[in-house]
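Undergrad: 3D model of this:
(2 chains)
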2 protein chains.
Amino acid sequence: MRAEILSCGTELLLGHITDTNATYLAQSLAALGIDLYFVSQVGDNQGRIVETLQRAWQRSDLIIMTGGLGPTEDDLARESISALLGETMQVDSDLEATLRARFAHSRGPMPERNLKQASLIPSAQTLPNPVGTAPGWWVERDGRIIVAMPGVPREMYRMWEQEVVPRLAPSTGGLIFTRILRVSGLGESAVEERLGDLIHLTNPTLATYAKTDAVDVRITAKATTGEEAERQVAEMEVRVRQLLGQYIFGVDKETLAGVVGNLLLTQKHTLGVMESLTGGLLSNMITNVAGSSNYFIGGLVTYSTDLKAQMGVPRDTLDRYGAVSEETARAMAHAVRERLGVDFGLGITGVAGPDEQEGKPVGTVYFAVEGPQGIVTGRGPGWRASRDDNKRFAALAALNLLRRFLEGTIQPEH
Amino acid sequence: MRAEILSCGTELLLGHITDTNATYLAQSLAALGIDLYFVSQVGDNQGRIVETLQRAWQRSDLIIMTGGLGPTEDDLARESISALLGETMQVDSDLEATLRARFAHSRGPMPERNLKQASLIPSAQTLPNPVGTAPGWWVERDGRIIVAMPGVPREMYRMWEQEVVPRLAPSTGGLIFTRILRVSGLGESAVEERLGDLIHLTNPTLATYAKTDAVDVRITAKATTGEEAERQVAEMEVRVRQLLGQYIFGVDKETLAGVVGNLLLTQKHTLGVMESLTGGLLSNMITNVAGSSNYFIGGLVTYSTDLKAQMGVPRDTLDRYGAVSEETARAMAHAVRERLGVDFGLGITGVAGPDEQEGKPVGTVYFAVEGPQGIVTGRGPGWRASRDDNKRFAALAALNLLRRFLEGTIQPEH
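TA: Reported below is the predicted structural model:
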């Protein structure tokens, strides 16, 4: 099956927004085993949309449109599909009633121009949109499929996953189930190396993605029933977990800070951090999790050496080993644990760059976690990245050490 | 002049990367007054690239290609242009010498497959790429222009700005000069309202963009000489500054934290912050600036009420007014200034969400800056955004208050 994406919106062609919808759909199509050969962006101009649709109709089996479903004259997706197929739009009374009820409930009387959002053509079925006013269209004719979805990402994601993917099952040879395993502490190529030949399987398929906060391993299975696809994914997950073990910290949309937060909540433990090179980023990641005030007492961004001493790092340690050292990281973890009276104290120090410090190169990082059972330490491999990236890598590595400590997969020194 | 963008790369169609190059070029074309009607993404397949080029050749005056200039067999931009025009690629001896010298200098002998990066066709001129191995192509024939640039954003941006835009001057009716004025403290629609009719001018043009950290006002002028274009931008800048005044914090790529850092450096002042709802984000923004250790002593992320008290906020203030109050923000600014012995202390407290706190709604934010001359305070307008956005808005608003205090455009209470 050959697919093609058509993204509609003049705001794309003015560079006001980036077409991340196409990226999302491209990833999903790859997982579904559907070939994607063309992506086009066209402005809100019916002539150019129809021209692009005509070409897509000749060369593709599945045309996925996003955008152009709003109520204004600039929103031309429905009109363009109707023109392509030579069919006439008519208001569907059920859709109209739903739309009017929706307006009455939330924003008062419906403007008449919104009525076109309740329109259909004979070849089109409606794709419900419970999170917005614009329903989508599912069009089937002459062995081809056109899907029209809203451009608002949140609405589009939901419609694609809940409405479109299940309807595509007969064309893709089955139902799909996908799970993402999230990996920290290994680079993408190290992950691929460990996965070995699994990466070349055709069903289930495995694919790796380097994200800013993790390496994702996506397992996708296709089967005649959803349950069977889910079972195949679960089997493959067991094999992947054998190969990647404790490097896997979560699934699907979980974050390292979220996983750490859940562990702290479950274990009824509190956390405090003392950070230097990460400069507040570590605390910020932790507090991006809703409800983090239940376990995160606070953070000390001890950027200057004097402030480290003031907050409890012995002068002697700073003088003897330097502010960038394992000994200082350990002392920071200990000091913040004592100062803030928390169960777990995390200390992190290093060189973010662009300049070296104390003769230590950019990317040098030491971190330590002190808990009730003792202390664990870690260090960066010597990242040679930008200042921002060094900070991010360091904060994630420290969170990952804390996770392993809380999970009990790393043993503390006493 | 009608332009069209063609982005080449199978990684785009697998969703491994997002086509941010197209967004960048679309913004620049809008500023140049060149109409962009189509953007296409095509994989590394010569048939499909040539098919798309043929159509573009029929309907557009300027075809901008990115990607496909690497040394491998998958890199097909040059081959596809040659096939489109029926011209034969030949190695250019000057280009070859440059490329070999580049390899000898940095990575040893050049693989023979890289030789195609030194090739040209009769209608093509080379576009130098001092930051990468792949030079671009500037192709002119039959009144049409094709520009082929590398897909690596850093290389492409430089080539576009330094090599392509000047060559486009005859076609766009002159040379272009652009300056961005960065605005904090006003939303995009409020900025547009203040700019009034200026927004409808045709030369210079004004356009506004809502970025995550500011509203940008881009002034673009076109003239027969670069100096004249620059002079027109400077004149317009004066008018815009009259309308937006102290809301403008910087130009081009400056950030609020960078501007604040420069002010502190120049005034030889130090800074410390005590933050609650922003949870480390404010310190993180400040320390994203290289060299911030010269003025930033540190930050206290006093997430719990007890930690606020431990760090010097009077219990009485917390009990009487609550942790989320102007009084507490003032006390935080004072406490961190005293505790850390800094010239300027900044305190910020509020409700990030998703739940309300002390009966105060999500988005409530108070902040204060205490300096040698007294104290200034500010509050959020009651953002009703996501947790992440509330944190970001709050941190930026606090930095903006600090900037105005340092610039002397807001008078402190004594």
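Undergrad: who touches A:N284 in this structure?
TA: Going by CB atoms under 8 Å, 6 or more residues apart in numbering or on different chains, A:N284 touches B:278-281, B:283-284, B:391. C-beta here means a position set from N, CA and C on the backbone, and glycine is covered the same way.
Undergrad: low-confidence stretches in chain A?
TA: A:107 (pLDDT under 70).
Undergrad: can I see the domain layout of it?
TA: Chain A breaks down by automatic domain parsing into domains covering A:2-172, A:175-251, A:256-407.
Undergrad: how long is the first one end to end?
TA: It stands for domain A:2-172. Distance across domain A:2-172, first residue to last, is 11 Å (CA to CA, to the nearest Å).
Undergrad: for A:G341, grab phi and psi.
TA: Phi and psi for A:G341, reported as degrees, to the nearest 10, are phi 60, psi 40.
Undergrad: who's in contact with it?
TA: Contacts of A:G341 (CB under 8 Å, 6+ apart): A:I297.
Undergrad: and the strands in the stretch 151-300 of chain A?
TA: Secondary structure of the stretch 151-300 of chain A (DSSP state E, counting those that start in this stretch): strands at A:175-183, A:205-210, A:215-223, A:248-251, A:271-275, A:296-302.
Undergrad: would you map the helices across the stretch 151-300 of chain A?
TA: Secondary structure of the stretch 151-300 of chain A (DSSP state H, counting those that start in this stretch): helices located at A:153-159, A:165-172, A:188-195, A:226-244, A:256-267, A:281-287.
Undergrad: how much space separates A:K268 from B:D19?
TA: Distance, A:K268 to B:D19, by CB to CB, to the nearest Å: 47 Å.
Undergrad: now swap in A:M236 and tell me
TA: According to CB to CB, A:M236 and B:D19 sit 31 Å apart.
Undergrad: the more surrounded of the two?
TA: Counted by other CB atoms under 10 Å in any protein chain shown, A:M236 and B:D19 do not tie: B:D19 has more neighbours, with 25 against 22.
Undergrad: who's sitting farthest from the centroid in chain A?
TA: Going by CA atoms, centre = their mean, the residue of chain A most distant from its centre is A:D316, 44.1 Å out.
Undergrad: now do whichever strand or helix holds that one: everything it contacts.
TA: Per DSSP states H and E, A:D316 falls inside helix A:315-321. Helix A:315-321 has contacts (CB under 8 Å, 6+ apart) with A:305, A:308-309, A:325, A:327-328, A:331.
Undergrad: picking that back up, would you mind finding the most buried of the strands of the stretch 151-300 of chain A?
TA: strand A:271-275 (a mean of 32; mean count of other CB atoms under 10 Å in any protein chain shown).
Undergrad: gap between that one and the chain center?
TA: Distance of strand A:271-275 from its chain centroid, counting by CA atoms, centre = their mean, to the nearest Å, is 26 Å.
Undergrad: show me what that strand is packed up against.
TA: Applying 3 or more CB pairs under 8 Å, 6 or more residues apart in numbering or on different chains; DSSP states H and E, one finds that strand A:271-275 contacts helix A:281-287, strand A:296-302, helix A:326-340, strand A:344-350.
Undergrad: now render these as TSV, adding distance to B:A101.
TA: Listed next are the helices and strands packed on strand A:271-275 as TSV, based on distance: least, CB to CB, whole Å:
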stretch	distance to B:A101
helix A:281-287	41
strand A:296-302	47
helix A:326-340	44
strand A:344-350	38
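Undergrad: quick one: closest of these to B:E192.
TA: Nearest to B:E192 among these is helix A:281-287 (31.7 Å), distances taken as CB to CB.
Undergrad: bridged to the nearest residue to A:A207 once chain neighbours are set aside, which residues?
TA: Among residues not flanking A:A207 along the chain, A:R218 sits closest, at 4.9 Å (CB to CB, 6 or more residues apart in numbering or on different chains). Assessed by DSSP bridges, A:R218 has beta-bridge partners A:I180, A:A207.
Undergrad: show the contacting residues for A:R218.
TA: Contact analysis of A:R218 by CB under 8 Å, 6+ apart lists A:31, A:178-181, A:206-209.
Undergrad: likewise for A:L243?
TA: A:L243 sits next to A:194-196, A:198 when contact means CB under 8 Å, 6+ apart.
Undergrad: of the residues you listed, which is the nearest to chain B?
TA: Comparing the contacts of A:L243 against chain B with CB to the nearest CB places A:L195 closest, at 16.8 Å.
Undergrad: is it true that that closest one touches A:V240?
TA: Yes - using CB atoms under 8 Å, A:L195 is in contact with A:V240, at 6.9 Å.
Undergrad: so for the two, which sits in the more crowded spot?
TA: A:V240 (23 against 18).
Undergrad: wouldn't that one be in contact with A:R182 here?
TA: No - using CB under 8 Å as the test, A:V240 is too far from A:R182 to be in contact (11.5 Å).
Undergrad: so what sits against both of those two?
TA: Among the neighbours of A:V240, those also in contact with A:R182 (CB under 8 Å, 6+ apart) are A:217, A:248.
Undergrad: common neighbours of A:L195 and A:V240, please.
TA: Common contacts of A:L195 and A:V240 (CB under 8 Å, 6+ apart): A:206, A:217.
Undergrad: near chain B, which residues of the stretch 251-400 of chain A?
TA: Selection of the stretch 251-400 of chain A residues close to chain B by CB under 8 Å from any CB of the partner chain yields A:278-288, A:290, A:292-293, A:296-304, A:306-307, A:310, A:340, A:352-355, A:387-388, A:391.
Undergrad: make it 6 Å
TA: Neighbours of chain B within the stretch 251-400 of chain A, by CB under 6 Å from any CB of the partner chain: A:279-281, A:283-284, A:287, A:290, A:293, A:296-299, A:301-304, A:307, A:354, A:387.
Undergrad: so how far is chain B from A:N129?
TA: Distance of A:N129 to chain B, computed by CB to the nearest CB, to the nearest Å: 21 Å.
Undergrad: now do the helix or strand where A:A83 lies: distance to the chain's middle.
TA: Following DSSP H and E, one finds A:A83 within helix A:77-85. Centroid separation for helix A:77-85 versus its chain: 33 Å, with CA atoms, centre = their mean.
Undergrad: other SSEs contacting that helix?
TA: Packing partners of helix A:77-85 (3 or more CB pairs under 6 Å, 6 or more residues apart in numbering or on different chains; DSSP states H and E): helix A:46-59.
Undergrad: what packs against the helix it packs on?
TA: Contacts defined by 3+ CB pairs under 6 Å, 6+ apart place helix A:46-59 against strand A:35-42, helix A:77-85.
Undergrad: grab the nearest non-local neighbour of the most centrally placed residue in chain A.
TA: With distances taken as CA atoms, centre = their mean, the residue of chain A nearest its centroid is A:K253 (6.0 Å). Closest residue in space to A:K253, ignoring its immediate chain neighbours: A:I180 at 7.9 Å, by CB to CB, 6+ apart.
Undergrad: quickly note the distance from that neighbour to chain B.
TA: 13 Å.
Undergrad: residues touching that residue, list them.
TA: Counting by CB atoms under 6 Å, 6 or more residues apart in numbering or on different chains, A:I180 makes contact with A:216, A:218, A:252.
Undergrad: out of the domains of chain A, which is the most enclosed?
TA: domain A:256-407 (a mean of 22).
Undergrad: distance to A:T202 added to the helices of the stretch 151-300 of chain A, as CSV?
TA: Shown next, in CSV, are the helices of the stretch 151-300 of chain A (distance: least, CB to CB, whole Å):
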stretch, distance to A:T202
helix A:153-159, 26
helix A:165-172, 13
helix A:188-195, 15
helix A:226-244, 12
helix A:256-267, 31
helix A:281-287, 37
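Undergrad: just so I know, which of the ones you listed lies nearest B:P150?
TA: Set against B:P150 and scored by CB to CB, the helices of the stretch 151-300 of chain A come closest in helix A:188-195, at 22.1 Å.
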